[in-house]
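> sequence unavailable; structure follows:
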């Protein structure tokens, strides 16, 4: 009897639930999706994300730029931790970039690989370099890391996965 009453009660509650219609706003496709796909990662450091956001928000109308003979213009973005120099075409598409960041948070894979291969060494500094070329489909990500162990200094290079170069 209790099960029947409970079932009727729950059935009575579920009949009052109405479906909701949610209208979604229009989706804007970015002309710079290739740049986003090639350079973005979930583990990117905060300064990297800040500059990339500035780069993607860049518009030809709100910048003082020099347009060369090929219809390209270059824009530079700076923060204390790094900089991006980007070349755009007339439609606002990113053609190529060069990015350089100093002493940013390293990805977990890089830190683990350094700890495994260089125990008792400490990280004294690092430089993160990214270069992107739209037409060639080329993206290079490189970490230059300075390690110290007492009076010894060692400079190493790794990719974003921690593989030594």
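The structure has been received and is ready for your questions. Computed from a prediction, not measured in an experiment: that's the story for all the values here.

> partner residues bridging the residue lying closest to residue 48 once chain neighbours are set aside?
Counting by Cβ to Cβ, 6 or more residues apart in numbering, residue 101 is the residue found nearest to residue 48 once chain neighbours are left out, at 6.0 Å. (C-beta placed from N, C-alpha, C; glycine too.) Taking DSSP bridges as the rule, residue 101 bridges to residue 82, residue 128.

> residue 101: how many residues sit nearby?
22 (other Cβ atoms under 10 Å).

> how about it, what does it touch?
Neighbour list for residue 101: 45, 47, 48, 51, 81, 82, 127, 128 [criterion: Cβ atoms under 8 Å, 6 or more residues apart in numbering].

> determine which two of those are furthest apart.
51 and 127 (14.6 Å; Cβ to Cβ).

> follow-up on the earlier one: quick check on the contacts of residue 101: which are buried?
For the contacts of residue 101, a burial check counting by 16 or more other Cβ atoms under 10 Å picks out 45, 47, 48, 51, 81, 82, 127, 128.

> which positions in the strand or helix carrying the second one come out as buried?
So that's residue 47. Per DSSP states H and E: residue 47 is located in helix 46-57. Applying a neighbour-count criterion of 16+ other Cβ under 10 Å, one finds 47, 48, 51, 52, 55 buried in helix 46-57.

> residue contacts, the first one?
This means residue 47. Applying Cβ under 8 Å, 6+ apart to residue 47 gives the contacts 79, 81, 82, 101, 104.

> was I right to think the first one contacts residue 48?
No. With the criterion set as Cβ atoms under 8 Å, residue 79 and residue 48 do not qualify as a contacting pair; they are 9.9 Å apart.

> roughly how far apart are the residue most central in space within the chain and residue 8?
The centre of the chain sits closest to residue 40, judged by Cα atoms, centre = their mean, with a distance of 3.2 Å. From residue 40 over to residue 8 the distance is 53 Å, taken as Cβ to Cβ, to the nearest Å.

> for residue 153, same thing?
Remark: distance between residue 153 and residue 8 (Cβ to Cβ) = 78 Å.

> how about residue 111?
Following Cβ to Cβ, the distance that separates residue 111 from residue 8 is 60 Å.
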